[in-house]
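# here are the coordinates; sequence isn't available:
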């Protein structure tokens, strides 16, 4: 068996490990006074709209960027960039 084939076979054991992905979809500032008034059904305005770009993180590290889109009245993320090792070096991510 070639090295490439052996490595691919060994990697199959890791394909189902769950990873935490975070899409930095929105942020907002709110006072404690307003927070204490919230109830189910309230709407909180944020700083993001469909068409804007967001950061994508995997296990608390930058993975890339995406675009906020709407599909069937639901927000979704279109991945626009997946960072390379060189990109991460420029961002000073270890």
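Nice, I can see it. This structure is a prediction, so every number in the text was calculated from the model and none was measured.
# how about the strands in the protein?
With strands called from DSSP state E, the chain shows them at 21-23, 53-58, 61-71, 74-82.
# as JSON lines, those with mean neighbour count and distance to residue 31 would be great.
Where C-beta positions appear, they are placed from N, C-alpha and C, glycine not excepted. Converted to JSON lines, the strands of the chain look like this (neighbours: other CB atoms under 10 Å; distance: least, CB to CB, whole Å):
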{"stretch": "strand 21-23", "mean neighbour count": "14", "distance to residue 31": "25"}
{"stretch": "strand 53-58", "mean neighbour count": "15", "distance to residue 31": "25"}
{"stretch": "strand 61-71", "mean neighbour count": "15", "distance to residue 31": "26"}
{"stretch": "strand 74-82", "mean neighbour count": "12", "distance to residue 31": "26"}
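# and of those strands, who's closest to residue 40?
Proximity to residue 40 (CB to CB) singles out strand 74-82 among these, at 19.6 Å.
# paired strands for that closest one, with orientation please.
strand 61-71 (antiparallel) (DSSP bridges).
# and the angle from the strand it pairs with to strand 53-58?
Taking axes from the mean of the first three to the mean of the last three CA atoms, to 10 degrees, one finds strand 61-71 and strand 53-58 inclined to each other by 130 degrees.
# thinking again about what came up before, among the strands of the chain, which comes closest to residue 44?
Set against residue 44 and scored by CB to CB, those come closest in strand 74-82, at 14.1 Å.
# quick one: average pLDDT of that closest one?
The pLDDT scores in strand 74-82 average 89.
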